[in-house]
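Q: sequence and predicted structure below; questions after.
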Amino acid sequence: MPGGITLLRSFVSLLLLCAACCLSGCSEEQQNAVRQRRDNLDKIWQAYAEMYKTDVSPKNVGELAAWMAESADAGTRGAARDSLVEGDVVVNWNGDLSVPETLGNFVLAFEAGTLARGGYVVMADGKVKNMTLKEFQAAAMLPASQP
C-alpha cells in the first residue's frame, strides 16, 4: 500500500505541475500580439531596405510611411506603418546599408519601450530579435549614410 500512496502523490504532483505550466503560459491573444509586433519590425525593415535600394535612405517617418503606403503590398503593411507613425517603433534614420556583411551588427529599428526595459529590435540585416535592456544598451545603432 505505501507504494500506491507514493504513486498517487507523484501523479497528483505531476498534474499540479502541468496545470501550473498551462496557466503561466501566454494566451493566444498575447502570442498574436507578439507576432504582430515582430511582423511590424520586419515590414519596416523591408520598406527601409527597398527604399535604400533606390539610392534614397529614409530620413524621417513621413518619407518611410509614404513609401510604405505607395508600395505594391501596402495593404499588408498597414499595421507596421501605423506603429511607425504612432511612435511605437523608433528608427535610425538616414542609415547606411552599403556594407551587407556588417549589417547584422547594427540595430536599424526598435520598439519604443525597448529604451526602458528591453524588447524587440530589427537588425540592419533584417533579423528581428528580442534584446534585454543591457543587450540593447550595448548594441550599436546603424550608422548614418555619408553625404
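A: That came through fine.
Q: remind me, longest helix of the protein?
A: The longest helix of the chain (DSSP state H) is helix 28-53.
Q: other SSEs contacting it?
A: Helices and strands touching helix 28-53, by 3 or more C-beta pairs under 8 Å, 6 or more residues apart in numbering; DSSP states H and E, are helix 61-70, helix 78-85, strand 89-91, strand 106-111, strand 119-123, strand 128-131. Yep, even glycine has a C-beta here, placed from its N, CA and C like the rest.
Q: relative to Ser98, which of these is closest?
A: Counting by C-beta to C-beta, Ser98 lies closest to strand 106-111 out of the helices and strands packed on helix 28-53; the figure is 11.9 Å.
Q: which strands and helices lie in contact with the helix or strand that comes right after the closest one?
A: For strand 106-111, the following helix or strand on the C-terminal side (DSSP states H and E) is helix 114-117. Helices and strands touching helix 114-117, by 3+ C-beta pairs under 8 Å, 6+ apart, are helix 133-138.
Q: buried residues in the helix it packs on?
A: Going by neighbour count (16 or more other C-beta atoms under 10 Å), the buried part of helix 133-138 is Phe136.
Q: let's test this: mean pLDDT of it, rounded?
A: Averaged over helix 133-138, pLDDT sits at 97.
Q: mind giving me the packing neighbours of whatever helix or strand comes next after it?
A: Later in the chain than helix 133-138, the nearest helix or strand by DSSP H and E is strand 140-141. Using 3+ C-beta pairs under 8 Å, 6+ apart, the elements in contact with strand 140-141 are strand 106-111.
Q: tell me what angle the strand it packs on forms with helix 61-70.
A: 80 degrees (axes from the mean of the first three to the mean of the last three C-alpha atoms, to 10 degrees).
Q: show me what strand 106-111 is packed against.
A: Secondary elements touching strand 106-111 (3+ C-beta pairs under 8 Å, 6+ apart): helix 28-53, strand 89-91, strand 119-123, strand 140-141.
Q: including distance to Ala79 and mean neighbour count, could the ones you listed go into TSV?
A: Putting the helices and strands packed on strand 106-111 into TSV (distance: least, C-beta to C-beta, whole Å; neighbours: other C-beta atoms under 10 Å) gives the following:
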stretch	distance to Ala79	mean neighbour count
helix 28-53	6	16
strand 89-91	11	21
strand 119-123	14	22
strand 140-141	24	13
